[in-house]
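Q: give me coordinates for this.
(one chain, ligands or ions: 1)
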Amino acid sequence: MLAIEVENLTKQYGKHFKAVEKASFSVETGEILALLGPNGAGKTTLFKMMTSLSKITAGKVNIMGYDLHKDEYKVKSLIGYSCQEIGLDPESSVLFNMRLFGKYQHIYGDKLKKRVDFLLQLFELKEVENRKVKLLSGGMKKKLEIATSLIAEPKILFLDEPTLGLDIESRKKLWGYIQQLNEEQEMTIILTTHYLEEAEKLCDKLVILESGKIIKQGYINDLKEEVANDLIKINFSKYEEHEAIEYAYSKLTNLSFVNEVKKVKQELIVSVSNGRSYITDILDETKNWKYNIKSIMVTEASLEDIYLEHTGNYIREV
Ligand SMILES: Nc1ncnc2c1ncn2[C@@H]1O[C@H](COP(=O)(O)OP(=O)(O)OP(=O)(O)O)[C@@H](O)[C@H]1O
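A: Next comes the predicted model:
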């Protein structure tokens, strides 16, 4: 069953600027989808429209078969939304914030107490339940943001930059919680991220957004297969980089087994059908070059290569 269906979703600010333009994609129940894109691509705007926090200019959102426009109340009962601006009160305790968010969502009494307790255990926040939010670490705050969005037992979870600014250890821990929610509770999850590693680790599906438009989408495995080629990445010494890249580019594009050569910043990326078997041919070719090669590496296509293939740029990670 489709959990999320978005059709031609558009957000216009003012007369001419479209922050999101005709976005269409879908997510099956139990899948995790990543919306990937640089700053200002329109990820948050898309999320806000899908969660009815921002008015839709044009297009449609269906959540578990319910039209957001016609059944807003029902849709809201099915989703949880976690973002930085969620509005935690920094001067109050973890417990107080959790209970307050429960009340916002019309959950009271024993039911609220049990749910809050369950979530604090799940996210290992029980020990700090009486601590003021302003005294929590970044990782704890992120966990609390997610926990508050889960109080009403949503079927679909929206996570806006769930691990932004966290160190890699805290990030990995949060990935564990997200996977647990997905696997144990069959929760459908849609998240925005700048981190390719995050999308690769967690997600089944990918939507790449640039300047408000979807430029590529699909299952990560299919997208990797599309890139199909292995990539041989060549770097040169800094002082002769530019000249060397131009020279190597002209030489490599003439080799019969090379499918494509791309110049990306200080790197040459050579696509070949079977990198491992051709690496010696490439090394032979480079023997006579007068330029110093700093490194030469064979890799299988990664999410970064998929991103590069479709955007022509490495994603700017922050
Ligand atoms: N209320 C608004 N009025 C006018 N323009 C806006 C408004 N909100 C957002 N924008 C613009 O819409 C574009 C998309 O912004 P959005 O916050 O959705 O991007 P994003 O992909 O989430 O970026 P980031 O990763 O930096 O959060 C940006 O150019 C932003 O400046």
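Q: near the ligand, which residues of the chain are found?
A: 13, 19, 37, 39, 40, 41, 42, 43, 44, 45 (CB under 6 Å from any ligand atom). C-beta coordinates here come from the backbone N, C-alpha and C atoms, glycine included.
Q: for PyMOL, write the select line for the buried members of these.
A: Buried residues among the residues of the chain next to the ligand (16 or more other CB atoms under 10 Å), as a PyMOL selection:
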select buried, resi 19+37+41+42+43+44+45
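Q: possible to save the residues of the chain next to the ligand as a markdown table with distance to residue 70, secondary structure and pLDDT?
A: Output for these, formatted as a markdown table (distance: CB to CB, whole Å; DSSP: H, G, I helix; E, B strand; the rest coil; pLDDT from 0 to 100):
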| residue | distance to residue 70 | secondary structure | pLDDT |
| --- | --- | --- | --- |
| 13 | 25 | strand | 95 |
| 19 | 24 | strand | 97 |
| 37 | 29 | coil | 88 |
| 39 | 34 | coil | 86 |
| 40 | 31 | coil | 89 |
| 41 | 29 | coil | 92 |
| 42 | 25 | coil | 94 |
| 43 | 25 | helix | 94 |
| 44 | 24 | helix | 92 |
| 45 | 22 | helix | 95 |
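Q: among the residues of the chain next to the ligand, which two are most distant?
A: 13 and 37 (17.3 Å; CB to CB).
Q: contacts for the one helix or strand in the chain whose mean pLDDT sits lowest?
A: In the chain, no helix or strand scores lower on mean pLDDT, DSSP states H and E than helix 303-311, which sits at a mean of 77. Helix 303-311 is contacted from outside by 36, 196-197, 199-200, 206, 208, 210, 215-216, 220, 223-224, 226-227, 231, 262, 264, 269, 299, 313-315, using CB atoms under 8 Å, 6 or more residues apart in numbering.
Q: show me the residues you listed that map onto strands.
A: 36, 206, 208, 210, 215, 216, 231, 262, 264, 269, 299 (DSSP state E).
Q: I figured the fifth one hits residue 209, correct?
A: If I follow you right, that is residue 215. Yes. Taking CB atoms under 8 Å as the definition, residue 215 is a contact partner of residue 209 at 7.3 Å.
Q: which of the two has more neighbours?
A: residue 209 (23 against 14; other CB atoms under 10 Å).
Q: which residues does the more buried one contact?
A: Taking CB under 8 Å, 6+ apart, one finds 20, 23, 35, 36, 37, 41, 42, 43, 46, 215 in contact with residue 209.
Q: with the residues you listed in mind, which one is nearest to residue 161?
A: residue 43 (8.3 Å).
Q: just for the stretch 51-200 of the chain, where's the confidence low?
A: Within the stretch 51-200 of the chain, the set of residues satisfying pLDDT under 70 is empty.
Q: distance of residue 101 from residue 173?
A: Counting by CB to CB, to the nearest Å, the separation of residue 101 from residue 173 is 22 Å.
Q: mind checking the SS state of residue 157?
A: Secondary structure state of residue 157, per DSSP: H, G, I helix; E, B strand; the rest coil, is strand.
Q: got phi/psi on residue 14?
A: Phi and psi for residue 14, reported as degrees, to the nearest 10, are phi 70, psi -160.
Q: for the stretch 51-200 of the chain, which segments count as strands?
A: 58-63, 66-67, 79-82, 156-160, 188-193 (DSSP state E, counting those that start in this stretch).
Q: so can I have a markdown table of these showing mean neighbour count and distance to residue 295?
A: A markdown table is the format used below for those (neighbours: other CB atoms under 10 Å; distance: least, CB to CB, whole Å):
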| stretch | mean neighbour count | distance to residue 295 |
| --- | --- | --- |
| strand 58-63 | 19 | 46 |
| strand 66-67 | 16 | 53 |
| strand 79-82 | 22 | 40 |
| strand 156-160 | 23 | 36 |
| strand 188-193 | 25 | 28 |
